[in-house]
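**Q** Provided below are the primary sequence and the corresponding predicted coordinates.
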Amino acid sequence: MSEYVIAIDQGTTSTRSIIFDRQGSIVATGQLEHEQIFPQAGWVEHDPAEIWNNTREVIGQALSKAGLTRHQIVSIGITNQRETTVVWDKTTGQAVYNAIVWQDTRTQPIVDRLAANGGVERFKKTVGLPLATYFAGTKIAWILENVPGARAKAEAGDLLFGTTDSWVLWNLTGGTDGGVHVTDVTNASRTLFMNLETLAWDEDIVAEFGVPMSMLPAIKSSSEVYGHAHDTSLLREVPIAGILGDQQAATFGQAAFDAGEAKNTYGTGNFLIFNTGEEIVHSENGLLTTLGYQLGDAKPHYALEGSIAVTGSLVQWLRDNIGLISSAPEIEQLANTVEDNGGAYFVPAFSGLFAPYWRPDARGALVGLTRFVNKGHIARAALESTAYQTTEVLDAVNADSGVPLAELKVDGGMTANDTLMQFQADMLGVPVVRPVVAETTALGAAYAAGLAVGFWKNLGELRNNWQEDRRWEPNLESATRDRLYRNWKKAVQKTLDWVDEDVV
């Protein structure tokens, strides 16, 4: 009887369940989108109950499509939107507030308060991250300070915190009936609370945020058995044995296991991860120092990361908020109705600017407009913004590492866009390479879970599974590239210093 691994991919816009075979090929997929909740400008939320209900349903969808039962599933892996924060009551199993999403910027006053004594890099040497609204720590603090009764419940030991991996794991292992409260090193490294060297919560930093230690999950490696699916699950008794934050999972799924290897994921946002091996590299160029992965008791692998808040979600915004297109794939067709951007540049600083700027005061801008510009130019400018932002991040990686990247492995939904991928190669001046299995986030979680139970023997076996699907070679004249990039940087400057105390 054939055996398989199932991955739960709890993402920003949807939850998926994907079943993989021993070759790392997709057998079946289940997927459901969840509501994006925007209570006011800068606020982004999800309903944790909806996410958990969708998780159960997509597991059933995948098993049904594959014609499989739990008896053929040897392990479960979880990957997730990382900094998105859930706080729930362990006695009722109910969240005390909606999940606050990684894109949410409401916690800027908390960031400013904490940065008043030591600046935004106050804790960076310990945790690898600047103080920013992006990370989970400020989101927990906001919930405790603003949700009636939350502080008292937390101090009584009744509340638990987790990124969505912990929320799914706790519910999958029984919830109020013995649920396991755990996260892995990659997700823990996105809270502002974890010491990069000890891989433990830093109690002094946690106290600065006013968060009780009792709320925090136990930190485990990315590949070990954390618990088993509860009797109420379709996967009952199957071990849950892999957890990786989504970008680290994609890196693992790309078989970028060693120092000097990198990948870039094109999703809701863009995330470039550069593996630095067992060495902690502190960025001098606006990148984050983060955990890459840890397999069981082995030494952890670290990484530099360039996080870009808005890429695929800009296409979503043009579809849902503006009505420029009716489906995401139309953006490429519209962009191809013109030869270039017509002088227009779109800087989507909807959540401020992340790497390499870290400017929460920035806001989105469409600049360089003339009467000549039409909707095709705007579509092209939107796509190009993703490539420009990635180029800035890769410049920072090259400066920090001192080793220029020879090629860029890519994954995520936007890699289906040939126009974007070609422009990305043109801007970087190096080949862009897409694998056969583009669902590398789920694949990485499956790999971690399969390794823990011996389904796969070692990293070499996983590396052999990786296959190239498509390669884009750069073919833009350097003078044209330099002009476009210079104008992009000029456009970015126009977005800065927009937010004042009385402007959100």
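**A** Cool, got the structure.
**Q** now residue 197: which helix or strand?
**A** Counting by DSSP states H and E, there is no helix or strand that carries residue 197.
**Q** quick check: closest non-adjacent residue to it.
**A** Using CB to CB, 6 or more residues apart in numbering and skipping residues adjacent in sequence, the residue nearest residue 197 is residue 280, 7.0 Å away. C-beta coordinates here come from the backbone N, C-alpha and C atoms, glycine included.
**Q** verify the stated contact: that neighbour with residue 289.
**A** Yes: with contact defined as CB atoms under 8 Å, residue 280 counts as touching residue 289 (6.2 Å).
**Q** looking at these two, which one has more neighbours?
**A** Neighbour tally, residue 280 and residue 289, criterion other CB atoms under 10 Å: the higher count belongs to residue 289, 21 against 17.
**Q** and that one, what does it touch?
**A** Shown in contact with residue 289 (CB atoms under 8 Å, 6 or more residues apart in numbering): 124, 128-129, 196, 280-283, 302-305.
**Q** hmm, which of those residues are the buried ones?
**A** Among those, the ones that count as buried by 16 or more other CB atoms under 10 Å are 124, 128-129, 196, 280-281, 283, 302-305.
**Q** ok, and the closest non-adjacent residue to residue 497?
**A** Closest to residue 497 by CB to CB, 6+ apart is residue 361, at 5.6 Å.
**Q** residue 235: how many residues sit nearby?
**A** 23.
**Q** quick one: stretch 9-18 to chain centroid distance?
**A** 11 Å (CA atoms, centre = their mean, to the nearest Å).
**Q** quick check: mean pLDDT of that stretch?
**A** Mean pLDDT, stretch 9-18: 95.
**Q** mind listing what's buried in that stretch?
**A** Buried positions in stretch 9-18, judged by neighbour count with 16+ other CB under 10 Å: 9-13, 15-18.
**Q** dump those residues to CSV, plus distance to residue 42 and secondary structure.
**A** CSV is the format used below for the buried residues of stretch 9-18 (distance: CB to CB, whole Å; DSSP: H, G, I helix; E, B strand; the rest coil):
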residue, distance to residue 42, secondary structure
9, 27, strand
10, 23, strand
11, 21, coil
12, 16, coil
13, 18, coil
15, 24, strand
16, 28, strand
17, 32, strand
18, 33, strand
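**Q** show me which of the residues you listed is closest to residue 248.
**A** residue 9 (12.9 Å; CB to CB).
**Q** can you tell me how far the closest one sits from residue 195?
**A** From residue 9 over to residue 195 the distance is 28 Å, taken as CB to CB, to the nearest Å.
**Q** please apply the same query to residue 425.
**A** For residue 425 relative to residue 195 (CB to CB), the value is 39 Å.
**Q** just give me the closest of the buried residues of stretch 9-18 to residue 352.
**A** residue 12 (17.1 Å).
**Q** surely that closest one touches residue 102?
**A** Yes: with contacts counted by CB under 8 Å, residue 12 reaches residue 102, the gap being 7.4 Å.
**Q** shared neighbours of the two, anything?
**A** By CB under 8 Å, 6+ apart, the residues touching both residue 12 and residue 102 are 81, 84.
**Q** re earlier: who has more neighbours, residue 425 and residue 195?
**A** residue 425 (23 against 18).
**Q** for that one, which three-state class applies?
**A** helix (DSSP: H, G, I helix; E, B strand; the rest coil).
**Q** surely it and residue 481 touch.
**A** No: if you go by CB under 8 Å, residue 425 and residue 481 don't touch, sitting 10.7 Å apart.
**Q** who's sitting farthest from the centroid in this protein?
**A** Within the chain, residue 371 marks the point farthest from the mean C-alpha position, 38.0 Å out by CA atoms, centre = their mean.
**Q** would you say that one is within a helix?
**A** No: counting by three-state DSSP, residue 371 is located in no helix; its state is coil.
**Q** for it, give its distance to residue 237.
**A** 66 Å.
**Q** and if you look at residue 124?
**A** In terms of CB to CB, residue 124 sits 43 Å off from residue 237.
**Q** equivalent analysis for residue 286, please.
**A** From residue 286 to residue 237 the distance is 46 Å (CB to CB).
**Q** who has more neighbours out of these two?
**A** Using other CB under 10 Å as the criterion, residue 286 and residue 237 rank with residue 286 on top: 20 against 12.
**Q** is that one in contact with residue 395, as I believe?
**A** No: applying CB under 8 Å, one finds residue 286 not in contact with residue 395, separated by 10.0 Å.
**Q** determine the set of other helices and strands touching the longest helix belonging to the chain.
**A** Scanning the chain for the longest helix, with DSSP state H as the assignment, gives helix 375-401. If contacts are counted by 3 or more CB pairs under 8 Å, 6 or more residues apart in numbering; DSSP states H and E, helix 375-401 sits against strand 262-266, strand 270-277, strand 301-308, helix 312-317, helix 330-335, strand 345-347, helix 418-428, helix 478-493.
**Q** what is the subsequent helix or strand relative to that helix?
**A** By DSSP H and E, the next helix or strand past helix 375-401 is strand 408-411.
**Q** can you list the strands that that next one pairs with?
**A** strand 262-266 (parallel), strand 432-435 (parallel) (DSSP bridges).
**Q** now do the buried residues in that strand.
**A** By 16+ other CB under 10 Å, the buried positions in strand 408-411 come out as 408-411.
**Q** got any ranges where this protein has weak pLDDT?
**A** Along the chain, the parts satisfying pLDDT under 70 run over 1, 501-504.
**Q** apply 80 and report the result again.
**A** Across the chain, residues meeting the criterion (pLDDT under 80) sit at 1-2, 402-404, 438, 500-504.
**Q** so which of the buried residues of strand 408-411 is the closest to residue 46?
**A** Among the buried residues of strand 408-411, residue 411 lies closest to residue 46 (CB to CB), at 22.9 Å.
**Q** need the contact list for the closest one.
**A** 250, 253-254, 263-266, 434-435, 438-441.
**Q** again, only using 10 Å
**A** 250-251, 253-254, 263-267, 433-435, 437-441, 443-444 (CB atoms under 10 Å, 6 or more residues apart in numbering).
**Q** with residue 458 instead?
**A** 295, 451.
**Q** repeat for the one 3 residues further on
**A** The neighbours of residue 461, taking CB under 10 Å, 6+ apart as the test, are 22, 24, 447, 450-451, 455.
**Q** give the buried subset of the residues you listed as a PyMOL selection command.
**A** Buried subset of the contacts of residue 461, written as a PyMOL selection, criterion 16+ other CB under 10 Å:
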select buried, resi 24+447+450+451+455
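**Q** nearest to residue 56 among the contacts of residue 461?
**A** residue 450 (22.1 Å).
**Q** how about the closest one, phi and psi?
**A** phi -70, psi -40 (degrees, to the nearest 10).
**Q** secondary structure class of residue 126, three-state.
**A** Going by three-state DSSP: residue 126 is helix.
**Q** my read: it touches residue 206, true?
**A** No: assessed by CB atoms under 10 Å, residue 126 is found out of contact with residue 206, at 11.5 Å.
**Q** neighbour-wise, which of those two wins?
**A** Comparing residue 126 with residue 206 by neighbour count (other CB under 10 Å), the higher total belongs to residue 206, at 20 against 17.
**Q** report the contact partners of residue 188.
**A** Neighbours of residue 188 in contact, by CB under 10 Å, 6+ apart: 82, 127, 136, 163, 166, 182, 194-195, 199-201, 216-220, 245, 291.
**Q** rewinding a little: make sure the residue nearest to residue 197 is indeed in a strand.
**A** No: assigned with three-state DSSP, residue 280 falls outside any strand and is coil.
**Q** where's it relative to residue 493, distance?
**A** Taking CB to CB, one finds residue 280 at 32 Å from residue 493.
**Q** many thanks, we can stop here.
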